[in-house]
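**Student:** sequence below, structure please.
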Amino acid sequence: MQSKTKVLLIRFSSFGDVTQALSLPTKLKDHFKDCEVHWVTREDYKSLLENHPHIDRIWLFNRKKGFLELLKLAWKLRQQNFTHVYDAHNNLRSLVIYTLSTILKFNHKIKRPIYRWKRFLLFRFRINKFQMPFSGQRDLIEPLLPWGIDKSLPPAPQIFLESSAEEKALEKVSSLKRPFFTLAPSAAYFLKRWPKDYWKDLIQLLPDFDFVLLGGPEDQFLKDIQAIAPGRCLNLAGALDYKTNAAIIRKSKALVSNDTGLMHIAEQLGHPCIALLGPAPFGFPSRPSTLKMELPLSCRPCSKHGQGPCVNPIHQQCLVDIKPSTVANELLKWTR
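**Tutor:** A predicted model of the protein is given here:
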């Protein structure tokens, strides 16, 4: 008879959600002493999980291989004889794994609720039934209460960097001569982006510091931001993997970020971060190391992911009214 607790954690994507979920293995190991924690994720997020001291095995899914590949993975997982399963994703793919990977008692299988009716009331009628303030990590941990796990956050860091990432980060920023801030001007949806000219203004307001611009290969507009002070700005968009991004953030004085995955990286590092929060409600940071800048507008939040449309007469007021001078003053407080 199996006596050891063996937990399967399911979270396939995305960048920010997987990063927030990195607190879960620590919570599970703190509660179930000497348990095994296995995690199913997409291949492209494997590096985020690697080197985590509380993850015993990572199972990978390649979504390009389709449903048959998913069934094969579920069968392999079934051979592992898990005692507990937590579906922290709750979509069709995760339901397949959740259902087929094991047969367990109901109270040993938990799905993260997605509160469709609450979202409907919020976005259609502006009736908010969610616990305030919104907290991405709390919403990931709270479903585990039936297992006796409290909803407090484990201390940072909850993302664990390899020495190779640290070394690569040092190499990438070796040309900088002064203390620097990291900036994350992009986001998946345009309405979640602080105006491009505001990033330029922020750089000009802080002439005694250098800046590293972080993002993906598609973020070509960062070149325009860099051009405002090319001698003080290093544009590394698209040049780094997740862990090297994290290592550079940790070496900076602080990160300024839109509501995007890099904001959650800083949070899980416990590193100072200013989060510029606009139209979207979910996944907000939870740690005191992150200063949330947001406006109490009646139209916020306007959509689940920030895709819009903006209904405010002042377009994108939720971010336009957060001024560069305010952000610069907060950054200077962290350098004194």
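**Student:** now for this protein, the helix or strand with the poorest mean pLDDT.
**Tutor:** Every helix and strand in the chain was compared by mean pLDDT, DSSP states H and E; the lowest is helix 116-125, with a mean of 78.
**Student:** quick one: list the elements packing against the helix or strand just after that helix.
**Tutor:** The helix or strand immediately downstream of helix 116-125 is helix 136-141, counting by DSSP states H and E. Taking 3 or more CB pairs under 8 Å, 6 or more residues apart in numbering; DSSP states H and E as the contact definition, the neighbouring helices and strands of helix 136-141 are helix 15-20, helix 23-31. C-betas here are computed from N, CA, C, even on glycine.
**Student:** 6 Å instead, please
**Tutor:** Packing contacts for helix 136-141, counted by 3 or more CB pairs under 6 Å, 6 or more residues apart in numbering; DSSP states H and E, involve no helix or strand.
**Student:** quick check: mean pLDDT of it?
**Tutor:** With pLDDT averaged residue by residue, helix 136-141 scores 89.
**Student:** swap in stretch 54-73?
**Tutor:** Per-residue pLDDT over stretch 54-73 has a mean of 93.
**Student:** compute the first-to-last residue distance for that stretch.
**Tutor:** Taking CA to CA, to the nearest Å, the span from the opening residue of stretch 54-73 to its closing residue is 22 Å.
**Student:** likewise stretch 84-99?
**Tutor:** Using CA to CA, the distance between the terminal residues of stretch 84-99 is 12 Å.
**Student:** which residues sit against it?
**Tutor:** Under the criterion CB atoms under 6 Å, 6 or more residues apart in numbering, residues 7-12, 21, 40, 70, 74, 102, 108-112, 114, 140 lie in contact with stretch 84-99.
**Student:** just the buried ones from these?
**Tutor:** 7-12, 21, 40, 70, 74, 102, 108-112, 140 (16 or more other CB atoms under 10 Å).
**Student:** the residues you listed in strands, which ones?
**Tutor:** Under the assignment DSSP state E, these contribute Val7, Leu8, Leu9, Ile10, Val40, Lys109, Ile110, Lys111 to strands.
**Student:** pLDDT value on the nearest residue to the first one once chain neighbours are set aside, please?
**Tutor:** Once flanking residues are discounted, Val7 sits nearest to His84: 4.5 Å by CB to CB, 6 or more residues apart in numbering. In the predicted model, His84 carries a pLDDT score of 94.
**Student:** what about His84, neighbour count?
**Tutor:** Using other CB atoms under 10 Å, His84 has 22 other residues around it.
**Student:** same question, Ser298
**Tutor:** Using other CB under 10 Å, Ser298 has 6 neighbouring residues.
**Student:** tell me the confidence at it?
**Tutor:** Looking at Ser298, its pLDDT is 86.
**Student:** now do the contacts for it.
**Tutor:** Ser298 sits in contact with no residue, where contact means CB under 6 Å, 6+ apart.
**Student:** so how far is Asn312 from it?
**Tutor:** The span separating Ser298 from Asn312 equals 9 Å under the rule CB to CB, to the nearest Å.
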